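1. Sequence and predicted model, in that order:
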2 protein chains.
Amino acid sequence: MTYQKESFENLIERMETYLSEKRYVEARETIIDVEPVDIAFIMESLPEDTIPIVFRLLPKELAAEVFVELEADSQEDLIKGFSKSELKEVLDELYLDDAVDIIEEMPANVVRRILATADPETRTNINNILQYPEDSTGSIMTTEYIDLKITMTVEDALKKIRRVGQDMETINVMYVVDADRHLLGYVSIRTLLLADENDTMEELMDSAVISASTLDDQEETARKFEKYDFLTMPVVDKENRLVGIVTIDDALDVLVEETTEDIEKMAAITPSYKPYLNTGILETVKSRIPWLLLLMVSATFTGQIISSFEDALAAQTILTAYIPMLMDTGGNCGSQASVTVIRGISLNEITMKDLAKVIWKEMRVAVIVGAILAVCNFAKLMLVDKMLFHNPITISVAAVICLTLVFTVFAAKLVGCTLPILAKALGFDPAVMASPFITTIVDAISLLIYFQFAQLLLHL
Amino acid sequence: MTYQKESFENLIERMETYLSEKRYVEARETIIDVEPVDIAFIMESLPEDTIPIVFRLLPKELAAEVFVELEADSQEDLIKGFSKSELKEVLDELYLDDAVDIIEEMPANVVRRILATADPETRTNINNILQYPEDSTGSIMTTEYIDLKITMTVEDALKKIRRVGQDMETINVMYVVDADRHLLGYVSIRTLLLADENDTMEELMDSAVISASTLDDQEETARKFEKYDFLTMPVVDKENRLVGIVTIDDALDVLVEETTEDIEKMAAITPSYKPYLNTGILETVKSRIPWLLLLMVSATFTGQIISSFEDALAAQTILTAYIPMLMDTGGNCGSQASVTVIRGISLNEITMKDLAKVIWKEMRVAVIVGAILAVCNFAKLMLVDKMLFHNPITISVAAVICLTLVFTVFAAKLVGCTLPILAKALGFDPAVMASPFITTIVDAISLLIYFQFAQLLLHL
């Protein structure tokens, strides 16, 4: 029944055999029932010169769907090999938003060829979408949707859907507009099917429609899909005129992409949109080195702090042994707070006006966490480090370490929860403020606290 | 037109006035066109005792939709205040999967009351879903869907849809089954609308249907939605019999939840499903303290390493100043690699068989990154630290630091990319292996390398 039963390895092997023996009918049979995204995967796993062959074996609608799923490199190679009529055929089958996505990845000469081949209407629509800024809602919308005039009856509406529905990405929800295309409401296909033939859109539509604006940030729009459980969302211009729709599959892609971006930023990586294994070595280096350099240089502070307390350390060499533990614990506490807050900001659970609430909460958490860690560490210092490992630990030394722990945890939680919210309020990206950056600050603070307590309690 | 124009603060304020002055008609008018999730938010922002009042102002279908979006505490309070007939009314309006989600959050006595009130068929269905393990696909599916027999004509099918479609969560795609309910294929509402009245399901259906099994992991199923751009997916039992469907809104919730879980684990937090501001202080402490304790204790290793090289450090006190920089850089390099790989594993871009490829890639990245960092650091050591800050840095000391840097970066990248994949292969969660755990290992390695080079080059 379903091809899930056969492994990809098997499918790829069979395809290779068929293709090398030119048994094209069997090759076609093998993959014709496979999902487009999986056909694309199989094609990319086959020898490069067979990609155009397999592509031409597919029925044209399926071919277009597979084309969308291929890597940009393969798409480019295919386009370069297409005759003009082949290119036109593929373009005609593509959904407009997919065509735009592909064009955005292609070099200029290929783009010119695509635009020259597309029919004038498609070309205008593509150019319209291309003009919206990257990351805007306009850039992920499609202009292929069914709009219904407010005066239409159910019969009119169903007639229109039957006429133009074939080329639309979705017909679950249709938007109702007036003569000037102002968005008035929506009706679902379910409502239409269950209604009387003579009901009008005015009677049936729900006018509480939530729309996005073309210039809204794409992530903000995508989060609305998550919040409201929408399948599509209308996009309007400044005058509230309907200009396109966003579908949930594109919203989902945006969410996954933006989340990956957040995660990468939290790990001090400049975000890239490519899958890991497709990114070149130099590209990976480029996305990682700036932050490493910055953080390495900023560690100069911690170095200088240690240098300036050199005499204290020389007098009590045992203190050095606990620097890593204090710094790591501070870093971990800080990133626990910052990562939780950053995720909360992404999911719209935390905003600027919650700052005081967040700080108050983290302060209380910090006191309890700090106290527990200090007590456990004191026990460990006296029982394990002193008695088991015979480290020269006095009560005073243990007190210095544990007091530092309490204050470091407090400072780390405070810095960790505050910086992301402040960054957001100042218009910066909260994720960039995450772990490594906060670690550097917390490192310096914890060392300063450490040496203050050491001087105070150990009279160094 | 849309209520987006009025801010929530405004709406809440108006509601408070209306409610305190018992102007219920106006209160009802104010929120009746607001989206359910936003009504829920507004209700939670109002004084607690007004929640049941607002709830009873809503038409019953909308009331049920709002009920789903309320916090578990408010749901519980409402249920406790409901008369039996009120509870039944709400239950009848709920989609089955939402009812199950709510029941999972309620204490036992409330669950008994709900099950006693539900009609026998609903009760059986709820119990069926409740029996599936948490995190399984069965636990997020709904049994409210339209199935079409393979012998039906388009006319039969549309008749059935008009008859039962009102209570279904979705009618975009319907699944085709044989007399024994074996899943055979699917047809979309679009196909039905565009087809001839007398076509049968056998002629119209697409038999290349991808299904999930009730016991499949829910994240795996959710990732398929993302990969294949599905709106719904059929769920089958071991005999390939259709038992339910999963809809994309639930898949999206699973993706967001699992991603938050991953992010929290990477920051050494035990995952919780509650929004940050709704989590109690002690709960937050409990989710954070175990890892902090573990990591604090594991820092004993680094402490012992430093202790055992005490004499070397005493002879060259300047070496201590660079311990934080080396450890932080190692930690950052390690988490860059591990976070990238963990995200790749989550998105199914990286599997066990890519291990060699990943290692080979990270090794090459590490060599380049290490070399750049070492050269920059050497320049910084000689120009800034020595000439500007007058630190006692000789060429040999700088060499020790920079060589350590190169080897630390190499070790960090290697550990960072290998551990998550190995964890996955051994059935552990890759995210748990992330930054803090890897940091501890890398810290120890970098110190060992540091002191080896120091002994070798500085003859300590």
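-> Cool, got the structure. Since we're looking at a predicted model, the values are computed, not measured.
2. centre of the chain versus the helix or strand containing A:N10, how much separation?
-> A:N10 belongs to helix A:8-20 when assigned by DSSP states H and E. The offset between the C-alpha centroid of helix A:8-20 and the centroid of the whole chain comes to 34 Å, using CA atoms, centre = their mean, to the nearest Å.
3. do the helix or strand just after it and chain B meet?
-> As assigned by DSSP H and E, the chain's next helix or strand after helix A:8-20 is helix A:24-31. No: judged by CB under 8 Å from any CB of the partner chain, helix A:24-31 stays clear of chain B, getting no closer than 10.4 Å. All C-beta atoms are positioned from the backbone trio N, CA, C, and that covers glycine.
4. what comes into contact with helix A:24-31?
-> Applying CB atoms under 8 Å, 6 or more residues apart in numbering or on different chains, the contact partners of helix A:24-31 are A:L11, A:R14, A:M15, A:Y18, A:L19, A:I39, A:I42, A:I53, A:V54, A:L57, A:L58.
5. Excluding covalently adjacent residues, which one is nearest to A:R23?
-> Nearest residue to A:R23, sequence neighbours excluded (CB to CB, 6 or more residues apart in numbering or on different chains): A:T17, at 7.8 Å.
6. and that neighbour, how far is that from A:Y24?
-> The spacing between A:T17 and A:Y24, counted by CB to CB, to the nearest Å, is 12 Å.
7. Next: A:A312.
-> Separation of A:A312 from A:Y24 (CB to CB): 80 Å.
8. Now the element after the helix or strand harbouring A:V54, going C-ward?
-> Assessed by DSSP H and E, A:V54 sits inside helix A:51-57. Remark: after helix A:51-57, the chain's next helix or strand is helix A:60-69, criterion DSSP H and E.
9. Which strands or helices does that following helix pack on?
-> Helix A:60-69 makes packing contacts with helix A:36-45, helix A:51-57, helix A:84-93, helix A:96-105 when contacts are defined by 3 or more CB pairs under 8 Å, 6 or more residues apart in numbering or on different chains; DSSP states H and E.
10. Tell me how chain A divides into domains.
-> Split into domains by automatic domain parsing, chain A comes to A:3-135, A:147-247, A:276-458.
11. Dump those domains to a markdown table, plus mean pLDDT and distance to B:V111.
-> What follows is those, written out as a markdown table (pLDDT from 0 to 100; distance: least, CB to CB, whole Å):
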| stretch | mean pLDDT | distance to B:V111 |
| --- | --- | --- |
| domain A:3-135 | 87 | 36 |
| domain A:147-247 | 91 | 25 |
| domain A:276-458 | 88 | 27 |
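12. Would you format these as a markdown table with mean neighbour count included?
-> Compiled in a markdown table, the domains of chain A are given as follows (neighbours: other CB atoms under 10 Å in any protein chain shown):
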| stretch | mean neighbour count |
| --- | --- |
| domain A:3-135 | 16 |
| domain A:147-247 | 19 |
| domain A:276-458 | 20 |
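13. now these as a markdown table including distance to B:K274?
-> Converted to a markdown table, the domains of chain A look like this (distance: least, CB to CB, whole Å):
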| stretch | distance to B:K274 |
| --- | --- |
| domain A:3-135 | 30 |
| domain A:147-247 | 17 |
| domain A:276-458 | 10 |
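14. which stretch among those comes nearest B:Y175?
-> domain A:3-135 (15.4 Å; CB to CB).
15. now stretch A:443-460, how far from the chain's geometric center?
-> 42 Å.
16. Let me fix that, I meant to ask about stretch A:354-364.
-> 27 Å.
17. how far away is the residue lying closest to A:W291 once chain neighbours are set aside from A:G331?
-> Spatially, and ignoring its direct neighbours in sequence, A:W291 is nearest to A:A268 (3.8 Å; CB to CB, 6+ apart). From A:A268 across to A:G331, the span is 13 Å (CB to CB).
18. One more: A:A444?
-> Distance, A:A444 to A:G331, using CB to CB: 12 Å.
19. do the same with A:A251
-> 35 Å.
20. Now do the helices in the stretch 351-460 of chain A.
-> A:355-380, A:395-425, A:435-458 (DSSP state H, counting those that start in this stretch).
21. just the stretch 51-200 of chain A next, same as before
-> Using DSSP H, counting those that start in this stretch, helices in the stretch 51-200 of chain A cover A:51-57, A:60-69, A:72-81, A:84-93, A:96-105, A:108-117, A:120-130, A:154-164, A:189-194.
22. Adding distance to B:T302, write those helices out as a markdown table.
-> Below are these laid out as a markdown table (distance: least, CB to CB, whole Å):
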| stretch | distance to B:T302 |
| --- | --- |
| helix A:51-57 | 52 |
| helix A:60-69 | 48 |
| helix A:72-81 | 45 |
| helix A:84-93 | 59 |
| helix A:96-105 | 46 |
| helix A:108-117 | 54 |
| helix A:120-130 | 54 |
| helix A:154-164 | 68 |
| helix A:189-194 | 63 |
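23. Out of those, flag the one nearest B:G370.
-> Evaluated with CB to CB, those place helix A:72-81 nearest to B:G370, the distance being 29.6 Å.
24. Tell me if that closest one is near chain B.
-> No: for helix A:72-81, no contact with chain B is found by CB under 8 Å from any CB; the gap never falls below 15.7 Å.
25. Next one: the residue nearest to A:R23 relative to A:T50, how far apart?
-> A:T17 sits 12 Å away from A:T50, going by CB to CB.
26. Same check on A:T221?
-> Distance, A:T221 to A:T50, by CB to CB: 40 Å.
27. close enough to count as contact, A:S136 and A:D216?
-> Yes: here A:S136 reaches A:D216: they are 6.9 Å apart, a contact under CB atoms under 8 Å.
28. Contact partners for the closest residue to A:A195 other than its chain neighbours?
-> Closest residue in space to A:A195, ignoring its immediate chain neighbours: A:V154 at 5.0 Å, by CB to CB, 6+ apart. Going by CB under 8 Å, 6+ apart, A:V154 touches A:L192, A:A195, A:D196, A:E197, A:N198, A:D199, A:T200, A:L204.
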